[in-house]
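1. After the sequence you'll find the predicted model.
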Amino acid sequence: MKAQIVFASMTGNNEDMAEILSEELTTLGFDVTNTDVSFADATSYLDADLCIMVTYTYGEGIFTDELDDFYEQLIQLDLSGKKFAVMGSGDKIYKEHYCENVDDFKKAFEKCGATQAANPVKIENAVDDHDVILIENAAKEMLAAFKK
Ligand SMILES: Cc1cc2nc3c(=O)[nH]c(=O)nc-3n(C[C@H](O)[C@H](O)[C@H](O)COP(=O)(O)O)c2cc1C
C-alpha cells in the first residue's frame, strides 16, 4: 500500500512529525513517500492509497502562500476510494486558531471524497515523547483502517 505524506514546516516541528510518521508507516509495511509542500504537487495523492497532510498553522489560520497553492490543487482532485489522515503542530496560545489548518485540510480531503483513516493528531510546538506515541498510534490506526 502506498502512502503519500506532504508536510509544511518552517521551523522543523511538522517536519519532525512527518518523519516519525513516515518511519512508523514504513515499519507497518507501507511504501511511503514524504514530500515538503514546497516541492509537492497535490496530484501525487492520485497514486497513493493513503493521503496524508502534516501541516503547521501560522497567521491565525490564514494559509501561507505555499499552503494556499497546494490547497487549490488539492480541492480539484477526486480522491474517492482513498483514505486520508491529517496532523500538525501548532500553539494553544492562538486559541480558536489552534492547528486550524489541520482542520482545513481534513475538510478538503472530505470534499475530495476521501475517507478518514485516523483521528487528527494535534500537538503543541516541538515533538516530545508523548507526542511520538500519539503519532505512532495514529499510524497503527491508519493500517487498521485498511483491514476493516
Ligand atoms: C507568527 C506566528 C503565527 C502563528 N500562528 C499560529 C496559529 O494561528 N495557530 C497555531 O496553532 N499556531 C500558530 N503558530 C505556532 C506554530 O504553528 C507552531 O510553532 C508550530 O509548531 C510551527 O511548526 P513548524 O516548526 O513546522 O514550522 C504561530 C507561530 C508564529 C511564529
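-> Nice, thanks for sending it over. Here the structure is a predicted model, which means the values were calculated and not measured.

2. Contact residues of this protein facing the ligand?
-> 9-15, 56-61, 89-91, 94, 97-100, 125 (C-beta under 6 Å from any ligand atom). For glycine as for every other residue, the C-beta is placed from the backbone atoms N, C-alpha and C.

3. Return the residues in contact with the residue in the chain positioned nearest to the ligand.
-> Nearest residue of the chain to the ligand (C-beta to the nearest ligand atom) works out as G90 at 2.2 Å. Applying C-beta atoms under 8 Å, 6 or more residues apart in numbering, we find G90 in contact with 56-57, 97-100, 102, 122-124.

4. Just give me the neighbour total for the nearest residue to it once chain neighbours are set aside.
-> The shortest distance from G90 to any non-neighbouring residue, by C-beta to C-beta, 6 or more residues apart in numbering, is to C99 (3.8 Å). Residues within reach of C99, counting by other C-beta atoms under 10 Å, total 24.

5. in the chain, which spans are helices?
-> 13-27, 65-74, 100-111, 129-147 (DSSP state H).

6. ok, and which of those helices has the densest surroundings?
-> helix 13-27 (a mean of 21; mean count of other C-beta atoms under 10 Å).

7. helices or strands up against that helix?
-> Helix 13-27 is packed against strand 2-8, strand 31-36, strand 50-55, strand 83-90, strand 121-124, helix 129-147, with contacts defined by 3 or more C-beta pairs under 8 Å, 6 or more residues apart in numbering; DSSP states H and E.

8. model confidence over the last one, on average?
-> Averaging pLDDT along helix 129-147 yields 98.

9. which other residues reach it?
-> Residues contacting helix 129-147 (C-beta under 8 Å, 6+ apart): 1, 3, 17, 20-21, 24-25, 28-30, 49-50, 83, 85, 87, 115, 117-119, 121, 123, 127.
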